[in-house]
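1. need a structure here:
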Amino acid sequence: EQHADSSLYRDFTTRYSVPYVPVHVGENLLIAMIDTGSIYSTIEHRSLKRLNSRPHIEYSDNETMTGAAITVKVIGTVELYITFRNRENEEFSIKHQFRIIENPGEPMTLGCPLFFGKGITLDMCRNQLTFENGVNLDINYLRDENVEKTINPRIKNKNRRKSMKAFYLKLVTHNTAAAQ
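-> Numbers count the residues shown, from 1 in each chain. Next comes the predicted model:
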């Protein structure tokens, strides 16, 4: 079945969306994935090394975490002051604990603990994070930009691996440029 106006139709079978937000750690900018299914927030060890600060790390021995698709090695935990800043330069900052992961993955993920008792709400209807101080920050669905669109919901995207490889290359390039 074809639809006359494909702009009114969203193909959910090719949408690999999770929300992303910009997060500042000191003067460093990271693009963080919001992972509401995770009981931990994580930072990839290479991202942590690129920060200009040297935070205290509590190291772990032989610890791993299993996610939806992979198991990652946990190096330790670290508490970081993170700042969310919108286009109007309004900010909200908090101290938040992250598991440091060794395996390549997302530079930073923000798990469920971020939303418990910290004055932060994920507003999926408005595509924003809202903060107790009145600041709002738009969330982005960066992966949608890298997935072919179809107008038939029964057709699965056959080029997901290619699309996601391009997405991660773009994300790593952005985070590397932001860190320099």
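2. what is the least confident helix or strand in the protein?
-> Using mean pLDDT, DSSP states H and E, the weakest-scoring helix or strand in the chain turns out to be helix 160-179, at a mean of 56.
3. and K49, that's in a helix?
-> Yes. Assessed by DSSP: H, G, I helix; E, B strand; the rest coil, K49 belongs to a helix.
4. what's around it, how many residues?
-> Residues lying near K49 (other CB atoms under 10 Å) number 10. Bear in mind the C-beta positions are built from the backbone N, C-alpha and C, glycine included.
5. equivalent analysis for the one 10 residues further on, please.
-> Neighbours of Y59 under the rule other CB under 10 Å: 11.
6. run through the helices of this protein in chain order.
-> 45-50, 160-179 (DSSP state H).
7. and the pLDDT for M124?
-> For M124, the model assigns a pLDDT of 82.
8. contacts only, for it.
-> M124 is in contact with P19, counting by CB atoms under 8 Å, 6 or more residues apart in numbering.
9. quickly note the distance from it to F115.
-> To F115, M124 is 12 Å away according to CB to CB, to the nearest Å.
10. where does pLDDT dip in the protein?
-> Within the chain, the ranges that satisfy pLDDT under 70 run 1-16, 68, 143-180.
11. residue ranges of the strands in the chain, please?
-> 20-25, 28-34, 42-44, 57-66, 71-85, 91-101, 108-110, 120-123, 128-131, 136-138 (DSSP state E).
12. same list, the ones you listed, but as CSV with distance to L51 please.
-> Output for those, formatted as CSV (distance: least, CB to CB, whole Å):
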stretch, distance to L51
strand 20-25, 5
strand 28-34, 5
strand 42-44, 9
strand 57-66, 12
strand 71-85, 8
strand 91-101, 11
strand 108-110, 11
strand 120-123, 21
strand 128-131, 22
strand 136-138, 21
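13. do you know which of those strands lies nearest R50?
-> Nearest of the strands of the chain to R50, taken as CB to CB: strand 28-34 at 6.8 Å.
14. who touches the closest one?
-> Defining contact as CB under 8 Å, 6+ apart, one finds that strand 28-34 is touched by 18-24, 43, 47, 50-52, 106-110, 122, 139, 142, 171, 174-175, 178-179.
15. right, and G67 touches S38 too?
-> Yes. Using CB atoms under 8 Å, G67 is in contact with S38, at 7.1 Å.
16. and those two? which has more neighbours close in?
-> S38 (19 against 15).
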